[in-house]
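Asks: Could you work out the structure for the sequence below:
(chains A and B)
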Amino acid sequence: MVNIKNLYKEFGSLMAVDDISFQVNRGEVLGFLGPNGAGKSTTMKMITGFLTPSSGSVSVDGDDIVNDPIKVKQRLGYLPEGAPAYPDMTTIAFLDFIAEVRGFKGREKSRRVDETIQRVNLDKVVYQSIDTLSKGFKRRVGLAQAILHDPDVLILDEPTDGLDPNQKHEVRNLIQNMAKEKVIILSTHILEEVHAVCNRAIIITNGKIVADGTPTELEAKSQYHNSITISVRAAADQANELRKSLLEVSGVYKLEALSEGDSGLLTYQVFPEANRSIIAEISQHIHQQKWEIEEMFVNKGRLDDVFRTITTGV
Amino acid sequence: MRFSQISVLFKRELSSYFATPIAYVFIVIFLFLSGIFTFYLGNFFALGQADLSAFFTFHPWLYLFLIPALTMRLWAEERKSGSIELLLTLPVTIGEAVVAKFLAAWAFTTIALFLTFPMWMTVNYLGEPDNAVIAAGYLGSLLMAGAFLAIGSSISALTKNQVIAFVITVVVCLVFILSGFSMVLDFFSWAPQIIVETISSFSFLTHFYSVVKGVIDLRDIIYFLSLITFWLFCTAIIIEMKKAD
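Replies: Down below sits the predicted model:
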């Protein structure tokens, strides 16, 4: 539904967005990841028609944002970074204004506004002016403004930035509830959020896409993917012996000691050779050695580790 | 340009003046200063004439400082707070936004100007003025205010800083006021006569005073309207170019 083709944006000599192409379909919640200044916001600003691309195109169901901006903007909802609004307006006056610009009148307008206020829990601050609202409420006003017209495409630039854990949870629920019938593109720094709401993630750095897949696929790129954390009850002086014996297990690539103190617990992280699962081998080995196991689990991989590896090249 | 969108934006803009003290401060100061200028500097009573020329004469100078105070926030504030990103991703065009903001500011000035009606009542109470000339004066004043506002709109679009917008707008407006005076024309003494005449014909004062005298010349009206159009056009271009910064 949303089709982004060979998007470029230059600011002077800086290439902020450097050949980005992707497609998003209905039902997809796309997480946009990347370090600060990677080009996430710039890309979103081009998708919403605020910035004009240096070259390339953005289209929604075939309608181009540059050639047909009004038609596309009618179908878009956008929460800009920092959720700007008009601070001297009250919540209700602001949402009324948005509804009118979106072409709603009379009863339909008040129905939409009321419904949206319920949906994002703004009832308590309806008659307060926006500059007196807390950060969480301001963010919700921004979100209300973006979803008021029930858009097909929702673009959210850091929707949970600066919110407390409860508010984050609420916003994520809201996004999940809308996910089925919409295209949602959101940017975030918070990697757990990708797990919580996204079914697809794109990592960009220096204006280029460096990874694109489901959160699970991305995790599989982590060196921790399928590694095993294991705690054995044994004295510290047995450590060398234990290590040697673990390394001899077939499929084990390397091993990292997490703790070898005198607590009577030896904890290791055991890494498999590429694309192998070693849980069966390890548990068999433990069984043969008759070790006393305190804890053992398989790591799925860490998104932040993948993120760091990909974006810094370390 | 869609009228429906302009009217929605216009309504929001106009009510935003009254949501803050700006409107009240502006109106009170405008009325106060125009009274002072008329009665003290203009010697309204001593002139003994049944007209409002003493009142209108000082409007260009009054506008010189008050209008930039009104326009400095027009776009600078939107850019500073980031709400411009919200505004321009709504289904409105830049042209519609520029026109709506300008019209709201103009409507606000009209309200302020309308509130000077006690002046008109006073002169009608004291004598028998030619009310058609007074009406022409109001028309001229409004047109000139429009030109000041359009200039202010452009300059506000240039910067995020409202103080800078204010100062530059005052300077540019001053140039437009003074371009008929010798102090400006002397700068161009090297230029051919035709250029000097063109510059002097750009003066607000010449056009304004001829309307205030009650001579409604189409050329004066066209002068102000085309000036407004030109500066609004510039505003739209500046916003298109600078919105990314």
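Asks: Do a quick rundown of the strands in the stretch 1-150 of chain A.
Replies: Under the criterion DSSP state E, counting those that start in this stretch, the stretch 1-150 of chain A contains strands at A:2-11, A:14-24, A:29-33, A:55-60, A:63-64, A:76-79.
Asks: Include mean neighbour count when you put those into TSV, please.
Replies: C-beta here means a position set from N, CA and C on the backbone, and glycine is covered the same way. Listed next are those as TSV, based on neighbours: other Cβ atoms under 10 Å in any protein chain shown:
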stretch	mean neighbour count
strand A:2-11	18
strand A:14-24	17
strand A:29-33	25
strand A:55-60	18
strand A:63-64	15
strand A:76-79	25
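Asks: can I get these in a markdown table with mean pLDDT and distance to chain B?
Replies: Shown next, in a markdown table, are the strands of the stretch 1-150 of chain A (pLDDT from 0 to 100; distance: least, Cβ to the nearest Cβ, whole Å):
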| stretch | mean pLDDT | distance to chain B |
| --- | --- | --- |
| strand A:2-11 | 92 | 7 |
| strand A:14-24 | 92 | 10 |
| strand A:29-33 | 92 | 17 |
| strand A:55-60 | 94 | 13 |
| strand A:63-64 | 94 | 13 |
| strand A:76-79 | 95 | 5 |
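Asks: what helix or strand is A:I230 on?
Replies: strand A:228-233 (DSSP states H and E).
Asks: Where does the stretch 101-250 of chain A get nearest to chain B, which residue?
Replies: A:V101 (4.9 Å; Cβ to the nearest Cβ).
Asks: shouldn't that residue be in contact with B:L90?
Replies: Yes. With contact defined as Cβ atoms under 8 Å, A:V101 counts as touching B:L90 (4.9 Å).
Asks: if you skip the residues just before and after it, what's nearest to A:G207?
Replies: Nearest residue to A:G207 in three dimensions, chain neighbours excluded: A:D18, at 3.7 Å (Cβ to Cβ, 6 or more residues apart in numbering or on different chains).
Asks: and what of B:I195?
Replies: B:F188 (6.3 Å).
Asks: swap in A:F137?
Replies: A:V125 (5.4 Å).
Asks: Quick check, the residue in chain A closest to chain B?
Replies: A:P84 (3.7 Å).
Asks: and the residue nearest to that residue when sequence neighbours are not counted, how many neighbours does it have?
Replies: Spatial nearest neighbour of A:P84, excluding adjacent residues (Cβ to Cβ, 6+ apart): B:G82 at 3.7 Å. B:G82: 15 surrounding residues under other Cβ atoms under 10 Å in any protein chain shown.
Asks: Please apply the same query to A:G261.
Replies: Neighbour number of A:G261 under other Cβ under 10 Å is 10.
Asks: quick one: it from A:I228, how far?
Replies: 20 Å (Cβ to Cβ, to the nearest Å).
Asks: again with A:E192
Replies: A:E192 is 22 Å from A:I228, by Cβ to Cβ.
Asks: When those two are compared, which one has more neighbours?
Replies: Set A:E192 next to A:I228 and count neighbours by other Cβ under 10 Å: A:I228 wins out with 23 against 12.
Asks: Run through the bridge partners of that one.
Replies: A:V270, A:V298 (DSSP bridges).
Asks: Run a quick check on it versus A:I282, I expect a contact.
Replies: Yes. Using Cβ under 8 Å, A:I228 is in contact with A:I282, at 5.6 Å.
Asks: Mean confidence (pLDDT) on the strand holding A:I230, please.
Replies: The average pLDDT within strand A:228-233 is 87.
Asks: show me what contacts B:T235?
Replies: B:75, B:98, B:102, B:150, B:153-154, B:157 (Cβ atoms under 8 Å, 6 or more residues apart in numbering or on different chains).
Asks: next one: B:L225
Replies: Contacts of B:L225 by Cβ under 8 Å, 6+ apart are B:143, B:146.
Asks: does it sit in a helix or strand, and which one?
Replies: Here B:L225 is assigned to helix B:218-242, by DSSP H and E.
Asks: So, low pLDDT: which residues of the stretch 151-300 of chain A?
Replies: A:262 (pLDDT under 70).
Asks: ranges for the strands of it?
Replies: Going by DSSP E, counting those that start in this stretch, the stretch 151-300 of chain A shows strands at A:153-157, A:183-187, A:200-205, A:208-213, A:228-233, A:252-259, A:265-272, A:293-298.
Asks: so what does the third one touch, helix or strand wise?
Replies: Judged by 3 or more Cβ pairs under 8 Å, 6 or more residues apart in numbering or on different chains; DSSP states H and E, the packing partners of strand A:200-205 are strand A:14-24, strand A:29-33, strand A:208-213, helix A:215-219, helix A:303-312.
Asks: what's the closest of those to A:R139?
Replies: strand A:29-33 (17.6 Å; Cβ to Cβ).
Asks: quick check: angle from that closest one to strand A:14-24?
Replies: 160 degrees (axes from the mean of the first three to the mean of the last three Cα atoms, to 10 degrees).
Asks: which residues touch strand A:29-33?
Replies: So strand A:29-33 is in contact with A:22, A:24, A:40, A:43-44, A:175-176, A:179, A:183-189, A:191, A:193-194, A:197-204, A:215, A:307, going by Cβ under 8 Å, 6+ apart.
Asks: Return the members of these classed as buried.
Replies: Among the contacts of strand A:29-33, those classed as buried by 16 or more other Cβ atoms under 10 Å in any protein chain shown are A:22, A:24, A:40, A:43-44, A:175, A:179, A:183-188, A:191, A:193-194, A:197-198, A:200-204, A:215, A:307.
Asks: biggest helix in chain B by residues?
Replies: What stands out as the longest helix in chain B, according to DSSP state H, is helix B:131-158.
Asks: Tell me the first helix or strand C-terminal of it.
Replies: helix B:162-178.
Asks: tell me what that following helix is packed against?
Replies: So helix B:162-178, by 3+ Cβ pairs under 8 Å, 6+ apart, packs with helix B:59-71, helix B:73-81, helix B:131-158, helix B:204-212.
Asks: so of the ones you listed, which one's packed in deepest?
Replies: helix B:131-158 (a mean of 23; mean count of other Cβ atoms under 10 Å in any protein chain shown).
Asks: A:L133 is in contact with the residue nearest to A:F137, correct?
Replies: Yes. Counting by Cβ under 8 Å, A:V125 does reach A:L133; the two are 5.8 Å apart.
Asks: Give me the common contacts of the two.
Replies: By Cβ under 8 Å, 6+ apart, the residues touching both A:V125 and A:L133 are A:T91.
Asks: quick one on the thing from earlier: contacting residues around the residue nearest to B:I195?
Replies: For B:F188, the contact set (Cβ under 8 Å, 6+ apart) comprises B:195-196, B:199.
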